[in-house]
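Asker: need a structure here:
(one chain, ligands or ions: 1)
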Amino acid sequence: MKVAIDGPAGSGKGTISSILAKKCSLTYIDTGVTYRCVALKVIEKGIDLDDKDAIIDIASKIDIKFMSDGVTYLDGKDVSSKIRSKEVTSIVSPISSIPKVREYMVELQRNMANSEDVIMEGRDITTVVLPDADYKFYLDASIGERAKRRYIQNQEKGINMSLEEIKSSIETRDYNDMHKEVGALKRTDNQIYIDTSNLTIDEVVDSIRKVIGR
Ligand code: DC
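Answerer: Purely as a prediction, here's the structure:
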């Protein structure tokens with residue numbers, strides 16, 4: 001079974017997908033992590049954002065391992081916290097806009113989904129990565145609600161950003177993510193649209209379980 005979920009930052013995709021994965025015996029794949037790993041390497045190597053060739057070169061050779069407990073290894077090192085930093089978050093959307101970077105990441109993501117029952121979330125999963133998925137969802141929420149959720153998550157992870165800073169970072173990323181030349185976040189007729197603004201996590205999980213029958 002392949003379940004594909006797209007939606008903007010803070011729409012609840014990550015939280016919902018990881019709960020569904022446990023309850024429905026699916027492997028959870030957070031595709032944003034692949035772009036975040038490229039962004040982290042760009043920072044660590046001191047590469048300029050205008051140097052597209054160097055960024056593409058990093059994407060072509062990236063060594064990422066997802067563990068079942070949600071830990072991410074990049075070149076053999078645990079980078080689970082580093083990839084959520086403010087610095088990575090501020091450059092990940094422009095990096096993910098480079099078409100050739102996307103080609104490499106889409107290939108990697110499809111390989112991850114190949115031999116398992118998966119729930120995969122991102123921005124172009126229902127449209128590009130797994131267009132033939134058994135079930136396709138688009139999760140959404142108001143900007144105020146999404147900023148509030150990300151603020152609480154950041155507090156828990158020790159990431160220090162004000163609510164206003166988060167709101168403006170999400171708005172900039174939304175715009176970039178929806179206006180990419182390739183792999184833009186889009187709503188289509190064959191996704192099931194869920195506005196999670198006024199729903200509890202359990203309510204969203206239950207409504208998806210009813211659809212997928214698990
Ligand atoms: O879901 P996230 O916030 O961790 O994603 C980080 C960035 O990666 C986001 O700004 C958009 C990009 N992304 C993408 O372009 N395509 C995906 N399938 C997943 C994420």
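Asker: Flag every residue of the protein that's near the ligand.
Answerer: Applying C-beta under 6 Å from any ligand atom, we find that the chain lies next to the ligand at 9, 31-32, 35-36, 92-93, 96, 122-125, 173, 177, 183. To be clear about C-beta, it is placed using only N, CA and C from the backbone, and glycine gets the same treatment.
Asker: distance of the residue nearest to the spatial centre of the chain from S162?
Answerer: Taking C-alpha atoms, centre = their mean, the centroid of the chain lies closest to G32, which sits 3.1 Å from it. The span separating G32 from S162 equals 22 Å under the rule C-beta to C-beta, to the nearest Å.
Asker: before we move on, back to that, now flag whichever of the residues of the chain next to the ligand is closest to L108.
Answerer: For the residues of the chain next to the ligand, the residue nearest L108 by C-beta to C-beta is T31; the value is 8.9 Å.
Asker: ok, and the closest non-adjacent residue to the closest one?
Answerer: Spatially, and ignoring its direct neighbours in sequence, T31 is nearest to G122 (3.5 Å; C-beta to C-beta, 6 or more residues apart in numbering).
Asker: Spit out the contact partners of the one you found.
Answerer: Neighbouring residues of G122 by C-beta atoms under 8 Å, 6 or more residues apart in numbering: I5, D6, K13, D30, T31, G32, Q109, V129.
Asker: Just the buried ones among those, please.
Answerer: I5, D6, K13, D30, T31, G32, Q109, V129 (16 or more other C-beta atoms under 10 Å).
Asker: Just put the residues you listed in TSV and tack on pLDDT and secondary structure.
Answerer: What follows is the buried ones among the contacts of G122, written out as TSV (pLDDT from 0 to 100; DSSP: H, G, I helix; E, B strand; the rest coil):
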residue	pLDDT	secondary structure
I5	98	strand
D6	98	strand
K13	95	helix
D30	96	strand
T31	97	coil
G32	96	helix
Q109	96	helix
V129	98	helix
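Asker: Going by distance to N198, which of those wins?
Answerer: The closest of the buried ones among the contacts of G122, once distances to N198 are taken by C-beta to C-beta, is K13, at 17.1 Å.
Asker: Would it be right to say that V3 lies in a strand?
Answerer: Yes. Under DSSP: H, G, I helix; E, B strand; the rest coil, V3 falls within a strand.
Asker: Pull the number of nearby residues for it.
Answerer: 27 (other C-beta atoms under 10 Å).
Asker: Contact partners for it?
Answerer: Listed by C-beta under 8 Å, 6+ apart, the contact partners of V3 are L20, L26, V118, I119, M120, A133, D134, Y135, F137, I208, I212.
Asker: Roughly how far does I208 sit from R173?
Answerer: Taking C-beta to C-beta, one finds I208 at 24 Å from R173.
Asker: meant to ask about D78
Answerer: From D78 across to R173, the span is 25 Å (C-beta to C-beta).
Asker: More neighbours: which of those two?
Answerer: Higher neighbour count among D78 and R173: R173, with 21 against 12, using other C-beta under 10 Å.
Asker: Identify the spatial nearest neighbour of the more buried one, chain neighbours not counted.
Answerer: In space, R173 is closest to S93, 4.7 Å off (C-beta to C-beta, 6+ apart).
Asker: quick one, phi psi at that neighbour?
Answerer: Per-residue torsions, S93: phi -70, psi -50 (degrees, to the nearest 10).
Asker: Report the distance from stretch 126-144 to the chain centre.
Answerer: Distance, stretch centre to chain centre, for stretch 126-144: 11 Å (C-alpha atoms, centre = their mean, to the nearest Å).
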